[in-house]
Each structure stands twice: as structure tokens, then as C-alpha cells.
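Visitor: the amino acid sequence is not available; the structure is as follows:
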């Protein structure tokens, strides 16, 4: 890979996640300016899940068959930038919602496209991809720090986050057309609905332990939605200054634990890694329930920093577990299937559940009984954890032949 290509791919990855982190984290707080209810807040965040559900069809039916990935990426970001800018002109939730839904439908496919463009240029992805992908996390962190540094939350100027993200999206849209060519991978091939959503890997569910993991993954995304949908509003409501900037500590934690994961794998194994990830969710919500901006400020920070364990120990471990269990034949299909189930179905259920629950504990115009609210996702996560520990078996024997029956397949450590 040439230096010019490396710089372009790094800029692509940085902007991709700078855009998302630039408005998504503070969306719940911004919606207060549109007089949106807590239920509508959950509905707005559910657009991410709808985008995740629809994204495979855009990739499978368009990008993989007809057009080069970098061109599709460019068009989607140009359209997305226009939608984000238009969103800044809207003054009520009823008009804002269809725009943000349309935006998430065009944005979510770009997450796969940037990976496709990057991998196409690499001869050794395992070594070349991480230094480029880490720029994406850096983009998310810098977006949060920028919002906190400029004080947009405290000054009620969160509409500027959409303008900032719109500008970055337009920039990435233009940059995309200069990226190395990534021709359609399945040009001329017939693509079925089953191919698109990864139904080829459904046989893995015959394995009782994998079925347990799969159902736990969907279920744990329900309390996860509470974190994404309401944490920024909660932190601002309890008096934390520059909350968006503080929340970027979660991404910093994610990076740190990602580096340490190989060490934990050797010592703990899959079951303990997954269980610790779910336990971290329980602890995080308990810390939020009893934390405040005064004497228990450390609890709020602790709950944010736990993001690294919550995400890496469960989702990254789960991706590795799925990859090893599926074998070469079903790797891509299995990853697509589990992503659709978690970020699509699980998060969608969580978004629609979280809004009414938060609304039920509303106190007055701008306050909530957050202790009662956070104990609910903590309880859900605890139930999922107990069921997982009881039903999941962590097999040690290695069995990775691609044609192995899913009932007999066992995880590689």
C-alpha cells in the first residue's frame, strides 16, 4: 500500500466515525429543543436499527453487484450530508423524524463500505487494518471532545452538531471519489435474500451453546439501547459539564481493552469473557443509578469507562466466537446474521422499550427519577447474564473444518 493510499484510507475512516459521533451521542439532548417526548426519543434512536436492517439490502443488491464501492460510498455521504444539513432547519419532531430515518438508511451501509474499500487495498489485513481502523475510534472521540470543548450542550446549540457532521459528510463524499477503485465483488452473480441476511449460517443455531449466545446477544442489546439513547440526556440533567466529551472516555476505554484482549482470552476463555462483558452492563447501570455530579461523580465516570469491557468483552468476543464456530464456508454469512440480529432486532426492541420506561419516570418538565430508570436495564442485563451462565457450555476442543455439523462444532481458543 502506498503512503498516499494509507493517508486517504485513514482520513476516510476518521471522517466516517467523526460524522456518526458528531451528532448521535447528543441526539437525545438535542431533541429537547424540538419538544420531543421520551417515547419519541426512543423512536428517533430506533432509526439506527432500521438502518442496520435495511443496510444489507443496499450492499447486497447495489454495491456488491453493480457499482464500485467507493462511488456508492461517495453518493451516500453526499446525500447524507444534505439530509443532515436539512435537519437543522426543522423545528418539530414530526418533520425531523422522517429526515433522520432517511439519513440512517443511507449512513448505515457506509459502515460496511469503508471496510470493503480498505480491505481491497491490503495484502495483510490483520496487520494493516487495525492502524487504519483505530482512526475511526479517534474520530468519534474527537467529535465528542469538540462538542464538550465548544460547550454546545450547555449553551443549547446542539443544532451545530448536525452542521458539523453535515460538513464532514460532504467532505467524505468528495474524498470517496478519489479513493482506489473497489469494483463490485459479485458482479453478474445472482443474489438471494438469504444471501443478503446471512441465512446460510442459520445451521449454527443447532449448536445449543451458540443458540444461547445468539439469544443472549439479542437480549443484551435491549439494555444497551438505554445507554445509547439516554446517557447524554441523563448526564446533562444531573449536572455533568461537557458530557459529550466525558462520554468519549468510553471509546478510549474500548481502545485500551482491545489491546489487552489477547491476554484475557488466554486466561479466561469464551464463556468467562462473555459473562464479564454482560456483568459490566449490570455494574454500569447500577453506577448510573446511584451516581451524581457531586459526591458520587466517580460513579458516573466509572459507568462511562466500563464501555470498553461492555463492548469488547461481549461483542468483539462474540464476533471471534462466531468466526471460529462458522468455519471458512459460513464466516461472512454468520457475521452478517449476528449483526442483523443484534444492532437490528435487539437494539430496535430496546429503543422502543426504553422510551416509554423513561417517560414513565418523568418528574416535572425537565427531570426524571434516573435511579429507578437505570435499575431496569440493570435488571434485564442481570437476568440475561444468569441465563447465559446457566445454559452456555464453553467447549475447549478445537474443531474448525468448514463442513462440520453445527451441533458438533466447538470453539477455538
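Guide: Good, I have the coordinates. Source: prediction; values computed, not measured.
Visitor: so where's this structure shaky on pLDDT?
Guide: Along the chain, the parts satisfying pLDDT under 70 run over 59-65, 126, 185-202, 326-335, 394-413.
Visitor: mind splitting it into its structural domains?
Guide: The record assigns the chain these domain ranges, following automatic domain parsing: 1-183, 199-413.
Visitor: can you list these in TSV and add mean neighbour count?
Guide: Every residue, glycine included, has its C-beta placed from N, CA and C. Compiled in TSV, the domains of the chain are given as follows (neighbours: other C-beta atoms under 10 Å):
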stretch	mean neighbour count
domain 1-183	20
domain 199-413	19
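Visitor: from residue 139, how far off is residue 45?
Guide: Taking C-beta to C-beta, to the nearest Å as the measure, residue 45 falls 20 Å from residue 139.
Visitor: for residue 264, same thing?
Guide: Counting by C-beta to C-beta, the separation of residue 264 from residue 139 is 26 Å.
Visitor: over to residue 27?
Guide: 17 Å.
Visitor: and what of residue 343?
Guide: 19 Å.
Visitor: and residue 341, by the same measure?
Guide: Distance, residue 341 to residue 139, by C-beta to C-beta: 27 Å.
Visitor: wait, residue 345 sits on residue 49?
Guide: Yes - here residue 345 reaches residue 49: they are 7.5 Å apart, a contact under C-beta atoms under 8 Å.
Visitor: can you list contacts of stretch 110-122?
Guide: If you take C-beta atoms under 8 Å, 6 or more residues apart in numbering as the criterion, stretch 110-122 is touched by 1, 5, 9, 12-13, 16, 55, 59, 63, 69-70, 72-73, 76-77, 80, 125, 128-129, 132-133, 136, 179-180, 182, 185.
Visitor: what about it, distance to the chain center?
Guide: Chain-centre distance of stretch 110-122: 17 Å, with C-alpha atoms, centre = their mean, to the nearest Å.
Visitor: repeat for stretch 307-321
Guide: Offset of stretch 307-321 from its chain centre (C-alpha atoms, centre = their mean): 12 Å.
Visitor: contacting residues around that stretch?
Guide: By C-beta under 8 Å, 6+ apart, stretch 307-321 touches 210, 213, 217, 220, 224, 227, 249-258, 261, 264-265, 270, 273-274, 276-278, 280-281, 284, 335, 338, 342, 411.
Visitor: 6 Å - rerun?
Guide: The contact list for stretch 307-321, computed with C-beta atoms under 6 Å, 6 or more residues apart in numbering, reads 217, 250, 253-254, 256-258, 261, 270, 273-274, 276-277, 280-281, 411.
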